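Enquirer: 3D model of this:
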Amino acid sequence: MNLRSDFTRRTALFGIGSAATLFALATLPTLSAMAASTPATMYVSTTGSNTSGTGTANAPYATISQALKMASPGTTIMVEPGTYNETLNVTEQVTLESDPALSGSAANTILNAAGYSNGIAIMGANASGTVIKGLTIENSNNEGIFVQNSNNVSILNNIVTKTGLTPNSKINEDKGIELIGTAHGLVANNTLTDNGGGIGLADNGAINPGAPAPAGTAAPSFANVLRNNTISINKHACGIVVAAYNPGEGVIDNTVVGNNVSLSPAGIVVAADVPGTTAQGNSVIDNTSSNNFLPGIILHSNTPGDVVTNNSIIGNTLSGNKADPEVKADAGPTGIIAIGAVDPVTHTLIAGNMISNETYGIYLANSPGVLGLTGNQFASTVQIPITPSTPQTIFPLLPMQVNTGHHVAYFYAGVWPGKAGMVAIAKYSANGQLISVYSQPYSSTLSSHIGSMADGTYLGAGHYTIPLS
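Expert: Below you'll find the model as predicted:
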């Protein structure tokens, strides 16, 4: 299927006009009907009771599991400070949070999942919209929080620690927080320390990378946001991984922004891991990735038929990371690596990153047409800013899409760096996507037949030329 078209179709927004608002006001239910339909708030306390408790503030339940059992969809479950030794299965929409009225926070409201596979498992479409907020989740054998096929889930202000330290060997992506086959999720302002791995985001299908066996409904993971999380000291797996495992699904248009990742095998990874899978349109923006044991950011196409395209790595700060041993030529610490093991990584934007204390700032292997490379900043502690450092790899930033008039089009892009008398030609497909940039001897005859994109601006019809000065 066309993943991006499918994404666009499923995320279309419809405006609501004033007439609709007036209609809604005219048909509001009575106050009694509203009271009857208002979701309840339930309470849980270590001093409560599952036998005599009713879930009220004065008669709370003793376990969170009991509150989940009694809750109707939309219920808010307030968890009072204390330690709760249990595992939670969420199959209906709820809000689960520490009780601010009792100074509850992640520091003092603890879910101890020792001996259980997961701390919290959020499963299925009926659990869409669930919120997990202000808790500590610790000691689970595998994921601290596992989300499968539930959309619009928010995981906020939690502490996840000592999870995944005795992992199931059949789980491919065993992270402190793992989302599989989800859309429009938000994972923000969490602290993950001393886990097997950090945060994972993957598709679902024949391979369920977050479970020991296939389960759930085939679905991509798209339009999720991983924001402002702090991730450090991962024992087995990388800090943040956005990975595709299922052909026809993929990881699409997800955003990884403002996170701080350190002391992990790799900092941030965007990859297609199984033949024929897709990692497309993902953005890695304004993160800090430092002192990891592999490169700070990895963009990777691993197997035949993978499509890794239109991904962006922008404005990140990278320092003190290590080499990727799977790339034999990557012989030193590396800030960013983009590599196609079989099929190329294409249409990548790498711009505005600040890189220090690395042998290689940006390492490219089978990644043609990377844009924006001249817009990165390299400290003097970076020995080789860009490799391979050729005129084609360092050509100034170009638009990734222009109006081609529904046919393959060629445009002058500017003077080819370091080659007198040569200009750059940008080739675009019929749908306006950049295919390649290559050198061409200047020709006034040729210039009369093609357009121009001087300094990244499409000048339209009229057949402009670029001066050679």
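Enquirer: phi, psi for the closest residue to residue 346 other than its chain neighbours please.
Expert: Leaving aside its sequence neighbours, residue 346 sits nearest to residue 309 (C-beta to C-beta, 6 or more residues apart in numbering; 4.6 Å). No exception for glycine: its C-beta is placed from N, CA and C like everyone else's. Here is the backbone geometry of residue 309 (degrees, to the nearest 10): phi -150, psi 150.
Enquirer: go on, residue 149?
Expert: phi 60, psi 30.
Enquirer: isn't the residue nearest to residue 346 up against residue 349?
Expert: No: between residue 309 and residue 349 there is no contact under C-beta atoms under 8 Å: 11.0 Å.
Enquirer: below-threshold pLDDT in the protein: ranges please.
Expert: Applying pLDDT under 70 to the chain flags the ranges 1-39, 390-398, 412-415, 417-419, 443-469.
Enquirer: which residues of it fall in helices?
Expert: 3-10, 18-26, 31-37, 64-70, 444-447 (DSSP state H).
Enquirer: buried ones in stretch 285-294?
Expert: Neighbour-count burial for stretch 285-294 flags 285-292, 294 (criterion: 16 or more other C-beta atoms under 10 Å).
Enquirer: ok, these vs residue 67, which is closest?
Expert: Closest to residue 67 out of these is residue 287 (36.0 Å), distances taken as C-beta to C-beta.
Enquirer: measure that closest one to residue 184 for me?
Expert: Distance, residue 287 to residue 184, using C-beta to C-beta, to the nearest Å: 21 Å.
Enquirer: what bridges to the residue nearest to residue 346?
Expert: Beta-bridge pairing of residue 309 under DSSP bridges involves residue 280, residue 346.
Enquirer: how about the strands in the stretch 351-469 of the chain?
Expert: For the stretch 351-469 of the chain, strands defined by DSSP state E, counting those that start in this stretch occupy the ranges 354-356, 360-365, 377-378, 384-387, 409-415, 422-428, 434-441, 451-452.
Enquirer: deepest of those, which one?
Expert: Highest mean neighbour count of the strands of the stretch 351-469 of the chain: strand 360-365, a mean of 25 (counted as mean count of other C-beta atoms under 10 Å).
Enquirer: packing partners of it?
Expert: If contacts are counted by 3 or more C-beta pairs under 8 Å, 6 or more residues apart in numbering; DSSP states H and E, strand 360-365 sits against strand 334-340, strand 384-387.
Enquirer: can you tell which of those is closest to residue 315?
Expert: Closest among the helices and strands packed on strand 360-365, using C-beta to C-beta: strand 334-340, at 12.0 Å.
Enquirer: and that closest one, how far from the chain's centre?
Expert: Offset of strand 334-340 from its chain centre (C-alpha atoms, centre = their mean, to the nearest Å): 17 Å.
Enquirer: and it, which strands flank it?
Expert: Strand 334-340 pairs in its sheet with strand 297-301 (parallel), strand 360-365 (parallel), by DSSP bridges.
Enquirer: got the contact list for that strand?
Expert: 295-301, 306, 308, 313, 316, 318-319, 321-324, 327, 330, 345, 348, 350, 353, 355, 358-367, 370, 382 (C-beta atoms under 8 Å, 6 or more residues apart in numbering).
Enquirer: ok, and the closest non-adjacent residue to residue 305?
Expert: Nearest one to residue 305, counting by C-beta to C-beta, 6+ apart, is residue 276 at 4.0 Å.
Enquirer: tally of neighbours for the one you found?
Expert: By other C-beta atoms under 10 Å, the residues close to residue 276 number 16.
Enquirer: my read is that it contacts residue 306, right?
Expert: Yes: using C-beta under 8 Å, residue 276 is in contact with residue 306, at 7.0 Å.
Enquirer: ok so, going back, mind putting the strands of the stretch 351-469 of the chain into TSV with distance to residue 98?
Expert: Shown next, in TSV, are the strands of the stretch 351-469 of the chain (distance: least, C-beta to C-beta, whole Å):
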stretch	distance to residue 98
strand 354-356	36
strand 360-365	42
strand 377-378	41
strand 384-387	46
strand 409-415	55
strand 422-428	52
strand 434-441	48
strand 451-452	59
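Enquirer: list the contacts of the residue nearest to residue 346.
Expert: Counting by C-beta under 8 Å, 6+ apart, residue 309 has contacts 279-281, 345-348.
Enquirer: so residue 247 versus residue 149, what's the distance?
Expert: 18 Å.
Enquirer: who's more crowded, those two?
Expert: Neighbour count, other C-beta under 10 Å: between residue 247 and residue 149, residue 149 has more, with 23 against 20.
Enquirer: I figured that one hits residue 183, correct?
Expert: No: counting by C-beta under 8 Å, residue 149 does not reach residue 183; the two are 9.6 Å apart.
Enquirer: where do the contact lists of these two overlap?
Expert: Overlap of the contact sets of residue 149 and residue 183 (by C-beta under 8 Å, 6+ apart) consists of residue 219.
Enquirer: now do the end-to-end distance for stretch 256-273.
Expert: Stretch 256-273 has an end-to-end distance of 19 Å (C-alpha to C-alpha, to the nearest Å).
Enquirer: same question, stretch 255-272
Expert: End-to-end distance for stretch 255-272: 16 Å, by C-alpha to C-alpha.
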